[in-house]
Structure formats: structure tokens, C-alpha cells
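**Student:** sequence first, then the predicted structure:
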Amino acid sequence: MKGKGIFVFVALLAGFISYSQKINPEHPDLSPANFKLDSLPNSEINIPIQINLKPLFVMAETSVDTLFTSPNYPNDWIQDGCDIRYKYSFRRSPLQMKTSGTLLTLGFTGYYKIVGSTRLCVKGTVLSPWTPACRCGFNEPERRVNVSFSNTLSIQPDYKVKLNIVRNEPKPLDKCEVCFWGQDITKQVMKGLTTELDAAKKELDKTYGLVDLKPKFQQVWDQLNKVYNIYGLGWLKINPQKVRINNLYSKNDSLNIFLGLTAKPVISFERPVEQNSWVPNIGTFGRKSGFTIFMDAVLSYDSLSNILNQQLAGREFEIKKFLFKKKFIIDQCKVYGANSEKLIIKLNFSGTNEGVIYLLGKPVYNKEKRTIEVTDIDFDIKSKNLLLGSADWLFDKKITKEISKNSAFDCSAFIDTAKTNINRQLNQEWVKGVRSYGNISDIKLIGIYPMQQYLVLRSNCSGDLSVKIDSVSFTL
């Protein structure tokens, strides 16, 4: 009986001490962070850009004369040698544009009429007067000729599209025979026309030899550097890095440029500072296809703590210890990072004892449930050491299991909202005449990084993106 009384006394004393002692262990050690936000891998965004060439076509239409005539027509003659003289009027049809690969052809059909006469000459000596004027294309269908300019497209590192313009030889569709003996002077007409076309080519070279797209690309680059409010998620910063050209060709009335963009997009709850920069020169050609984005979403621990409090605050546990029933009540939870693979869960509690304990757990992503779960929850070493001497009953697995069960953060709404809002952001008019069309088809969470101030969720997005430029400013 005496031994049993001592046991009861010790148990009572231990119970009394456990009731009276407040638990307040030291804060867990924070190990140095190995993860940095600037370690985000480069995202490769391949954007097919379609530039409407109709503005160029319209400007070329206005720059090429619709009427060509011989000098001082109809008063003066062009004399070709001693024996032929003529004068002509030439009008053209509207320009027609054809594209293939990097070749753009501007052509038209010309309609001309000519009047001429001949005389007999021997070694430059005139032996007869001029014959009466003979006409071709007057009071009869005008004669026709096909005329074209070929333009080879190339884009330079400074965003200038170079047009290498070549005047093709005119191709007469009808002969022009004058006078009663059928003198064919088609060659003379083509010679005069070629002189006029060379003058027109020179003017085209001067005005449209270089099409400067850099102002448009700078506008798009400026928009990429802006910070965008992704409602329900925070702020998106694309962080563009480099630009390259993957392919360049023309088709129908459009110039198609397959642009490669290297970027480091980040989503954060706090609005980051916008940083403007000049659009870099175009890099070397690449052959990557598809649409791949690595994106960091920076989540606030306050929001995660609120979720955990909603699920656990006020929960009460009853634990038997020797002759006593112990009570453990969770008053408040706070989640933050340990600068490693671990999350820290700080619990303010009351009941048999009161105070603070610190738990450590590893955040993992459950792909099937689309939830972030905290696994392997256990007491921090400093909390363990303190509890061993005062309240070891708190080591009961019932507490850690319940906390683990309720430490799951549903990402479904986050992922679905991200897809919806980012897709909305991809489909918009950036500046007048420049519109993007895109769709994110999949978002995969590939990493969780518990930083001290925030939780970083790294994801990989795949989808499609294209840009159409309907209006272009043409400058030298």
C-alpha cells in the first residue's frame, strides 16, 4: 500500500506540474535557403505572328503611277534611230500581290496605244520623208503587257524587313504592228516602258526598301513588361528576356513570322514593380516548337494560415495519461516556411496546458485530388526537448494525425481560375492593330518551395499563342 501511495503521489504531482507549466519552446532553426526565385527556368514561348501586308500593298498602289506616256506626249516624238519615230500612252490595271515563301510579287497588266511612222534611211542618210502616222490601239483594243516587281523578304536583327526589289522584264501579250506593211514596234514600246519601270523601282527602293517593324515590336515588348492583375490570383509579371525568329514566310496577303520569346513569368499576391527596357535585337534562329511556360505563383502564408484556422481552430482533443484525462484545444494556427523542404506550423493551444508548440511537415502535391498536403508532420526538435520534461502526453499521434488530415489546401479553384484568367489575358488587343490569341490547355504543378516569407508553387503550362498585326507603320 505504501508503494502504491507513492505512485499515486508522484502521478498527482506530475499532473499538478503539467497543469501549472506553460509550454513555450524556442523558435525552430531556419536553415539557409537553397532556392531562389531567380532560379526559375527560362520559359520558351513560340508565337506565330501574322502581319497583314495590305497596308504595304495599298501604299505601293498609290506610289506606282497609273499612267505612263512618252515624254511630252502627245506633242513630241521619240526617235529611235534614223528610220523610226513614235509616241505612246500606257495605263495600268490595279496592282496584284502574290506571295510564296519569302518572295512577294507585285504585278499589273498594262494597256497601251502607240502612234508611229517610218522613213527610208541608209547609213544614217535620210532618203524619204516620214510616212503618214500609223496607229496601234486607237479605235481598236489596246495592246496588253504583263509587268511585275519581285520582292525578296528578309528580316534583320534590328527588326527591319528588307525588300530586295527586282524589276522583271515586261511580257507583251499582244504585238503592235503599224503601217500598211505591218512594222512590229513592240520592242520599241517595251524599251520605253522599261525605262519608266526602272524609275518606279528606284522610287520603291527609296521608300519601301526597308520596312521598320521595331516600333511595333517595342510597343508589344512594353506591354510584356507591364504587370497584369490576374483576378483571384494576384499579379502576373511576364519578365521577357530574349526574342528570336524561328521562321519567316509570306502567304496570300500576310507576312508570317514565327517568333520565339524567352521569359520568366511570375504570379505574386503583391504587385511587383514594373521595369521598362528596350526590346533586344533578334537572336539566332531556333527550331523549338510548342508552347512551354514555367511559372512561379507566390502564395501568402496568411491565406494558408486562415484556411488552416478555419479547419482546426477550436478543435478539442481528450487524451488519457495515467490516471488523468488531458485536454488539448487548438486556439490558433500559423503556417510559414522553414527555408528548406519543410513548412512550420505554429500552434497556440490551451486546455490541460497552454502555450505554443511547433510542428514541421513536408508540403506535397496530390495530383489526383489537386491538393497541397502537409505530410510527415512531427514536432520540431526544440518543442520535443521541452515537452519530454513537462508534457510528453502531447506526443499522442491523435493530434498530429488530425492536423495532417486537415492540412490540405485545395488547388482546384486556383488552377481553374488561373487557366481562365490567363487565357483571358492572352486574348486581347495589346495596342491598336496588334491582337493576341491564345489558350493554356494544361497546368502542371512541378515544385513546392516553402520560403520564409511566402510559399512558391512552380508550375509548367502548355498551350498555344499567336499574334496578328493588322496595321503596320512603314518608316525608313
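**Tutor:** Structure's in. What do you need?
**Student:** okay, now the sheet partners of the helix or strand hosting Gln50, with direction.
**Tutor:** Under the criterion of DSSP states H and E, Gln50 resides in strand 43-52. Sheet pairing of strand 43-52 (DSSP bridges) gives strand 254-263 (antiparallel), strand 291-300 (antiparallel), strand 454-469 (parallel).
**Student:** lowest-confidence stretch among these?
**Tutor:** Least confident of the strands paired with strand 43-52, judged by mean pLDDT, is strand 291-300 with a mean of 75.
**Student:** and after that one, which helix or strand comes next?
**Tutor:** Once the chain leaves strand 291-300, the next helix or strand it forms, by DSSP H and E, is helix 301-312.
**Student:** buried residues, that following helix. List them.
**Tutor:** Within helix 301-312, the residues scored as buried using 16 or more other Cβ atoms under 10 Å are Tyr301, Leu304, Ser305, Ile307, Leu308, Asn309, Gln311, Leu312. All C-beta spots, glycine's among them, are computed from the backbone N, C-alpha and C.
**Student:** phi first, then psi, for Gly433.
**Tutor:** Reported as degrees, to the nearest 10, the phi and psi values for Gly433 are phi 90, psi 0.
**Student:** over to Lys405?
**Tutor:** phi -60, psi -30.
**Student:** that one and Gly337: what is the separation?
**Tutor:** Distance, Lys405 to Gly337, using Cβ to Cβ, to the nearest Å: 21 Å.
**Student:** which one of these two is surrounded by more residues?
**Tutor:** A direct count of neighbours by other Cβ atoms under 10 Å for Lys405 and Gly337 places Gly337 higher, at 22 against 13.
**Student:** for the more buried one, list each beta-bridge partner.
**Tutor:** Here Gly337, judged by DSSP bridges, has bridge partners Leu343.
**Student:** confidence score at it?
**Tutor:** On pLDDT, Gly337 comes in at 83.
**Student:** mind starting the numbering at 8 from now?
**Tutor:** Will do, 8 is the new start, and the previous item becomes Gly344.
**Student:** that one against Pro370, yeah?
**Tutor:** No. Gly344 lies out of contact with Pro370 (Cβ atoms under 8 Å); the separation is 9.2 Å.
**Student:** ok, and what's touching the helix of greatest length in the chain?
**Tutor:** Identified as the longest helix of the chain according to DSSP state H is helix 193-215. Applying Cβ atoms under 8 Å, 6 or more residues apart in numbering, the external contacts of helix 193-215 come out as 63, 66-67, 70-72, 75, 77, 85, 87, 91, 93, 95, 97, 117, 119, 121, 123, 150, 152, 154, 156, 170, 172, 174, 176-177, 179, 182-183, 481.
**Student:** following element in sequence after that helix, please.
**Tutor:** Using DSSP H and E, the first helix or strand after helix 193-215 is strand 217-219.
**Student:** sorry, back to before: between Gly344 and Pro370, what contacts are shared?
**Tutor:** Joint contacts of Gly344 and Pro370 (Cβ under 8 Å, 6+ apart) are Leu350, Pro457, Leu462.
**Student:** and which of those is nearest Ala140?
**Tutor:** Comparing the shared contacts of Gly344 and Pro370 against Ala140 with Cβ to Cβ places Leu462 closest, at 93.0 Å.
**Student:** what is the closest one paired to in the beta sheet?
**Tutor:** The partner residues for Leu462, given DSSP bridges, come to Leu306, Pro457.
**Student:** count of residues packed around it?
**Tutor:** Neighbourhood size, Leu462 [other Cβ under 10 Å]: 22.
**Student:** ok, it - contacts?
**Tutor:** Applying Cβ under 8 Å, 6+ apart, the residues contacting Leu462 are Val305, Leu306, Ser307, Tyr308, Leu311, Gly344, Leu350, Pro370, Ile455, Tyr456.
**Student:** just the buried ones from these?
**Tutor:** Among these, those classed as buried by 16+ other Cβ under 10 Å are Val305, Leu306, Tyr308, Leu311, Gly344, Leu350, Pro370, Ile455, Tyr456.
**Student:** can you give me the strands in the stretch 258-407 of the chain?
**Tutor:** In the stretch 258-407 of the chain, the strands defined using DSSP state E, counting those that start in this stretch lie at 261-270, 273-275, 298-307, 323-328, 331-344, 350-358, 361-373, 378-386.
**Student:** now Lys475, nearest residue through space, not along the chain?
**Tutor:** Gln57 (4.7 Å; Cβ to Cβ, 6 or more residues apart in numbering).
**Student:** run a quick neighbour tally on that neighbour.
**Tutor:** When counting by other Cβ under 10 Å, one arrives at 16 neighbours for Gln57.
**Student:** same question for Tyr118.
**Tutor:** 17.
**Student:** so which bits of stretch 217-226 are buried?
**Tutor:** Buried-residue list, stretch 217-226, by 16+ other Cβ under 10 Å: Leu217, Val218, Asp219, Leu220, Lys221, Lys223, Phe224, Gln226.
**Student:** which one of these is nearest Asp260?
**Tutor:** Nearest member of the buried residues of stretch 217-226 to Asp260, counting by Cβ to Cβ, is Val218, at 14.8 Å.
**Student:** quick one: pLDDT of that closest one?
**Tutor:** With respect to pLDDT, Val218 scores 76.
**Student:** got the contact list for the closest residue to it other than its chain neighbours?
**Tutor:** Of all residues not flanking Val218 in the chain, Val168 sits nearest, at 4.2 Å (Cβ to Cβ, 6+ apart). Val168 makes contact with Leu160, Ser161, Ile162, Leu217, Val218, Asp219, Leu220, Leu262, according to Cβ under 8 Å, 6+ apart.
**Student:** I'd like these laid out as JSON lines, including distance to Leu433.
**Tutor:** Output for the contacts of Val168, formatted as JSON lines (distance: Cβ to Cβ, whole Å):
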{"residue": "Leu160", "distance to Leu433": "28"}
{"residue": "Ser161", "distance to Leu433": "29"}
{"residue": "Ile162", "distance to Leu433": "24"}
{"residue": "Leu217", "distance to Leu433": "31"}
{"residue": "Val218", "distance to Leu433": "27"}
{"residue": "Asp219", "distance to Leu433": "27"}
{"residue": "Leu220", "distance to Leu433": "21"}
{"residue": "Leu262", "distance to Leu433": "22"}
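**Student:** first-to-last residue distance for stretch 455-464?
**Tutor:** One end of stretch 455-464 to the other measures 5 Å (Cα to Cα, to the nearest Å).
**Student:** so how far is that stretch off the chain centroid?
**Tutor:** Put simply, stretch 455-464 sits 26 Å off its chain's centre (Cα atoms, centre = their mean, to the nearest Å).
**Student:** what mean pLDDT does the strand holding Gln57 get?
**Tutor:** Strand 50-59 carries an average pLDDT of 77.
**Student:** quick one: contacts for Lys391?
**Tutor:** Phe402.
**Student:** what's the burial count for Leu204?
**Tutor:** For Leu204, the count of nearby residues is 21 (other Cβ under 10 Å).
**Student:** which residues touch the strand holding Gln57?
**Tutor:** Here strand 50-59 makes contact (Cβ under 8 Å, 6+ apart) with 220, 253, 260-272, 295-302, 443, 472-479.
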